[in-house]
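K.L.:
this one's structure only:
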């Protein structure tokens, strides 16, 4: 059985107000923890998305490099010479390749 502790009325009022403030602060703390946990999950999700974007970027860079090397190999085999093979369609492909790369021919 709980013991009865006599408390002066002005102290009782302060105690009740402190208890009510404590309940309010505990509720606010729980809400803030919920918000913090939500944002932690969102940050982890955003990080995972960024990692996927970076991985895709690296994959695409590697593919561009591979295709560029293939195009350069093709161009080196055909031996395009500006102004010499003007009506030959195969060197025209090489000319277009160099133009796409930004190389002046």
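P.N.:
Received it, and whenever you're ready, just let me know what you need. Because the structure is predicted, anything quoted here is derived from the model rather than measured. Residues are numbered from 1 along each chain as shown.

K.L.:
stretch 9-18 - what's its average pLDDT?
P.N.:
For stretch 9-18, mean pLDDT rounds to 83.

K.L.:
next, the contact list for residue 93, please.
P.N.:
Applying C-beta atoms under 8 Å, 6 or more residues apart in numbering, we find residue 93 in contact with 74, 78. C-beta: built from backbone N, CA, C; applies to glycine.

K.L.:
report the buried residues of the helix or strand that contains it.
P.N.:
Secondary structure assigned from DSSP states H and E places residue 93 in helix 89-101. Using 16 or more other C-beta atoms under 10 Å as the test for burial, helix 89-101 gives 91, 94, 95, 97, 98.

K.L.:
closest to residue 65 among those?
P.N.:
Nearest to residue 65 among the buried residues of helix 89-101: residue 97, at 15.3 Å, using C-beta to C-beta.

K.L.:
ok, the closest one to residue 30 distance?
P.N.:
Using C-beta to C-beta, to the nearest Å, residue 97 is found at 64 Å from residue 30.

K.L.:
and the lengthiest helix in the chain, how far out from the chain middle?
P.N.:
Scanning the chain for the longest helix, with DSSP state H as the assignment, gives helix 9-78. Distance, stretch centre to chain centre, for helix 9-78: 9 Å (C-alpha atoms, centre = their mean, to the nearest Å).

K.L.:
still on that earlier bit, just the buried residues of helix 89-101 now: which is nearest residue 22?
P.N.:
Nearest to residue 22 among those, counting by C-beta to C-beta, is residue 97 at 75.5 Å.
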